[in-house]
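Student: Sequence and computational prediction follow.
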Amino acid sequence: MQKIFDAHLYLWNLQEFPISWVNSYKELNQNFDFNKARKEYKDFKLLGAMYVETNSDN
């Protein structure tokens, strides 16, 4: 299994913090929490990740 470290991880809840630019991207226009991120990494051994803050419309 390939080991990875995600150096650019974004997490968001669009109901709490709207982010208008994700509306243009079907794949991104949904809540993305750490549990969802873990599912995305299911084929890898996740060593860690660097959370990156994103600006909301608020």
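Tutor: That came through, no problem.
Student: buried sites along the helix or strand of the chain with the lowest mean pLDDT?
Tutor: Ranked by mean pLDDT, DSSP states H and E, the weakest helix or strand in the chain is helix 34-40, scoring a mean of 92. Buried positions in helix 34-40, judged by neighbour count with 16 or more other Cβ atoms under 10 Å: Ala37. (Glycine included, C-beta is placed from N, CA and C.)
Student: ok, and what's touching it?
Tutor: Helix 34-40 is contacted by residues 6, 9, 11, 46, 49 when judged by Cβ atoms under 8 Å, 6 or more residues apart in numbering.
Student: Reformat these as CSV; add pLDDT.
Tutor: Below are the contacts of helix 34-40 laid out as CSV (pLDDT from 0 to 100):
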residue, pLDDT
Asp6, 95
Leu9, 93
Leu11, 93
Leu46, 94
Ala49, 95
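Student: which two from those residues end up farthest apart in space?
Tutor: Using Cβ to Cβ, the contacts of helix 34-40 span at most 14.0 Å, a distance reached by Leu11 and Leu46.
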